[in-house]
Structures are given as C-alpha cells and as structure tokens.
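Student: Can you look at this prediction? I've put the sequence above it.
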Number of protein chains: 2
Amino acid sequence: MTNYKLTLCYDGSRYKGWQKQGNTENTIQGKTEALLSKLLGQEIEINGCGRTDAGVHAREQVCSFRANTELSDDALLAEIRRYLPEDIGATSLEKAEPRFHARLSCKEKTYLYRLWVSPASFVFDRKFVTKWEEPLNLEAMKQAAALLCGEHDFTAFTSNKHMKKSAVRSLREIRFEQTENELRLYFTGDGFLYNMVRILVGTLLEVGSGKRSPVSIPSLLEGKDREQVGFTAPPQGLILYSIKY
Amino acid sequence: MTNYKLTLCYDGSRYKGWQKQGNTENTIQGKTEALLSKLLGQEIEINGCGRTDAGVHAREQVCSFRANTELSDDALLAEIRRYLPEDIGATSLEKAEPRFHARLSCKEKTYLYRLWVSPASFVFDRKFVTKWEEPLNLEAMKQAAALLCGEHDFTAFTSNKHMKKSAVRSLREIRFEQTENELRLYFTGDGFLYNMVRILVGTLLEVGSGKRSPVSIPSLLEGKDREQVGFTAPPQGLILYSIKY
C-alpha cells in the first residue's frame, strides 16, 4: 500500500462541509472518496487535515489515503482533476511517508476570514466574503486578538458541547490585513475546535463594534461558557488558507 | 428631468445578456430598469454602454437614464444597492450632463478576455475564465494582434449577418498580460460589433495553436467572410472591463 498526500481546494458553498455523514454524497470528503474508490477500483478512505463546516471554503486542504495502484502520480492526478466536480480542485498529489497522516501530522494551520467592509459592490467575491456594515474599531480588535493568542483552553469558543478531549489549543497569531474593500483576519494555530474560528471572529466583531471590551477576553477564556462569548460568524467568509507539516 | 449616469458591475452567468428582450426579466437591463421604475414610481428606460452577450460579465458597465425624483443621489444609490440581485452591483450614481448618453457619448471601451492556461485548479475563478489546454505560441498571437489593430472593416469578425450600419471600428490595442495561471487579453477600441471580441479571441487562439498563420490576418479582414475567421470563444471568459468618456 502506498500512502498519498493529496492537496485540494474548494468552493464549499453547496456542500455540507468536509466530513462524510452517513451515505450522503454532498460532503467534500464523500465526493472525493467516492471518486478515488471508483478510479482505483478499491475502497479508499481519506483523512482530511481540517474538518471545514458547511459552506466553508478551502484554498489549501490536505488529505491522505492509502492505495494500491500502478498508475503514476501524474496520471492519477490527471484522472482526479478530470472527474472532480467544478467546485473542487486538485492542486497536487504526491507519495508520502508511510506514517504521514493529513490531520495528525499537521504542525500548523491558517484560516482566513474575509470581511467585506466597504459599500462597494462585491459581486465577484460574494460567495467568499461576509459583509459587515458597522464601523469597526481596529485598535480594540487588535488588543482583543493579542489577548486571545497563546495557549488557552478554548472551551468557550466552540459549539461542541460534548467535548471529551482537551480544548487546549495554541493560537499563535491573528494577523490583520486591510485591503481596498476588505478586512482580512488570518488565524494561525496548532489546531482549531469546532466553529472556533467563526466564534473568534464573532467575538472580535463585537469588540470592534463596541459591544464588548477587549479587556473582557481573559475572563471569557476562564469562564469556559459559550453563552458569554460572541456570535458564530457566517461560514461563507471562512477559508482554510494553508497548512504546515 | 435629471439625466443620471449609473455604473454597474455584474456576474453575467445566469443572464441572457445586457439587452432587454420582450417581457423577459432575465437580462441585466431588464432587471435594472424594473428596479429603477419601481423605486422611482415612473417608467425608466436605461441605455447601456456595452450590450454584453449572454453569460458575459462586466467589471464596469455604464448606463444612463432620465428621471424626476427628490431623492438625493446617495439615497437613490443606497436603494438601488439594497434591491439589486446579488450578482449585479451598483458602483456609483451621479447626475450627468443633459446630453450624456452611456453608449453614444462613449469614447473608448476595454474588454478583458481571461484564458486559464494552467493545469492548476481554477475553482474560485471558474465562472470568469475560459480554460485553454493546448500550448500557445504567444509571439505568433502578438503578431496577429498587431495586424488586427487599427481602423478596419470588421465584417468578418461579427456574427451579425444583417448589419446595415458601418462595420468600421478602430481597434486601438490588444494588450497581453500573463499571470501565474492565466493569459489575459485586453481589447481597447472605439466600439465593438456583435460577438467581435469573442471572434477575435477565437482567431487569436487558432493562430496561437498553429492552425492559422498570423500573416493571414489582412486577407481575413479584406475577405469580410465570417466563415474564414476563427471560432467564437465562450462567453464566460469575457468581461466588459472599463469605459472612457
């Protein structure tokens, strides 16, 4: 069996997220597994690095799978590209070390959240941004972001109510980028809990619009209470941006 | 009556082009006129600068219309933005000189044609590019482009078989831009015939892939025979890019 590393990108608009759910084919994992199984004539199971939610996109998603085939990597990649739906793309395919696992081997992930903060039209980007009309106090947001970074128990910042495993994650950086029409927030860390980036964004937006103070952040982290933190920002502005191994 | 200049942009994917056709509402002109008429409580007729075909997009489309209203320009623009469908955007609205006419006053238009020439995935651009897989001889294409530029009778380069008016147009520039994954062609001229840019692109692609010689261009122009020139490139790669008055 050869272990493969496949890099994908996708427009998640019409999918119920990455992760396969029962028999449904409307997940990115489901679509990709079904295609690989058909192309390779064997049942393929893939592990994705980030389990993106319904409606979330990926500029770079990595998955790993094991297969037996005489096809060259290039030939297999060409077949994958040929049959993937138009909203899922295959960026690269390569053989990986036997112990490589897309999620477990991952050292660092970056998610991008795109906020359209301009009155200008966003016709061409509309599926990949969240519109935000209220003015934002960037300094307050940056102050809150600095307090969120570091190694913390992020229990308050997940929608998963029945987490059995540790909710401690190391959030290494929240980078702010302003473009002509957008505020882009890049979140880099060793891992993210279910809905964590979207709740971080919602909390930062509430800080930016004066609904909560940046200095409240440490007590939110300590309180571990989802009800006390910000709203869950919509999925369409979120993009799994890059992955480091 | 005040004369207005309204600048729009749109993703033309789901429309039958700019120009109103009978009672159909699935044109950009139709949608915009219906909205303006409703907002202003009077029948509004708009003139667009470029009559983009079905599936063609606009980064900048200008239209003019006359109306009587006490709404400020900003208030009217806000209403237009609020009610336009998500694939049509309003960039600006301003009062214009009484004699201003979006099409007749136009001095120069630029269309962009985006060719995706890379094996890389184009998931996020898929609605706005045309994929081209064969290798292209850029030098031959540039030679042909130079021969196409200038003031010519472009009868051979239109799908309109019953043109009564002059087909003489001044094609001022065909600019080539190479990006990481794309070949972008910018066509600037005083006006373009029906399907002209798409047929120019098709002809240039046939030159680039060695199916015809660049030196054949002058005889194609002289021959005035649609059958002798290249195919009509697909609409989705074409974008009305900018307009000068």
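Tutor: In hand now; what should we look at? All figures in this text were calculated on a predicted structure; none of them were measured in a lab.

Student: C-alpha only now, for contacts and for neighbours.
Tutor: Noted.

Student: and residue A:50, what does it touch?
Tutor: Contacts for residue A:50 (C-alpha atoms under 8 Å, 6 or more residues apart in numbering or on different chains) come out as A:18, A:61, A:62, A:103, A:240.

Student: Redo the residues you listed as JSON lines? Include secondary structure and neighbour count.
Tutor: Shown next, in JSON lines, are the contacts of residue A:50 (DSSP: H, G, I helix; E, B strand; the rest coil; neighbours: other C-alpha atoms under 10 Å in any protein chain shown):
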{"residue": "A:18", "secondary structure": "coil", "neighbour count": "27"}
{"residue": "A:61", "secondary structure": "strand", "neighbour count": "26"}
{"residue": "A:62", "secondary structure": "strand", "neighbour count": "26"}
{"residue": "A:103", "secondary structure": "coil", "neighbour count": "18"}
{"residue": "A:240", "secondary structure": "strand", "neighbour count": "24"}
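
Student: Check those against residue B:189 and report the nearest one.
Tutor: Comparing these against residue B:189 with C-alpha to C-alpha places residue A:240 closest, at 41.5 Å.

Student: so what's that closest one bridging to?
Tutor: Beta-bridge pairing for residue A:240 (DSSP bridges): residue A:58, residue A:111.

Student: I'd say it and residue A:62 touch.
Tutor: No - Residue A:240 lies out of contact with residue A:62 (C-alpha atoms under 8 Å); the separation is 10.1 Å.

Student: And for residue A:66, nearest residue in space, chain neighbours not counted?
Tutor: With sequence-adjacent residues excluded and distances taken as C-alpha to C-alpha, 6 or more residues apart in numbering or on different chains, residue A:66 is closest to residue A:3, at 4.4 Å.

Student: on that earlier part again, and the contacts of residue A:50, which is closest to residue A:139?
Tutor: residue A:240 (25.3 Å).

Student: Now residue A:146: closest residue in space that isn't a chain neighbour?
Tutor: residue A:174 (7.6 Å).

Student: again, but for residue A:170
Tutor: In space, residue A:170 is closest to residue A:151, 4.1 Å off (C-alpha to C-alpha, 6+ apart).

Student: any idea how far that neighbour lies from chain B?
Tutor: Distance, residue A:151 to chain B, using C-alpha to the nearest C-alpha, to the nearest Å: 34 Å.

Student: again, but for residue A:53
Tutor: In terms of C-alpha to the nearest C-alpha, residue A:53 sits 18 Å off from chain B.

Student: how many neighbours does residue A:116 have?
Tutor: 24 (other C-alpha atoms under 10 Å in any protein chain shown).

Student: quick one, helices of chain A?
Tutor: A:28-40, A:73-83, A:138-148, A:196-208, A:217-223 (DSSP state H).

Student: winner for burial among these?
Tutor: Of all the helices of chain A, helix A:196-208 has the most neighbours on average by mean count of other C-alpha atoms under 10 Å in any protein chain shown, namely a mean of 24.

Student: surely residue A:181 meets residue A:114?
Tutor: No - between residue A:181 and residue A:114 there is no contact under C-alpha under 8 Å: 10.1 Å.
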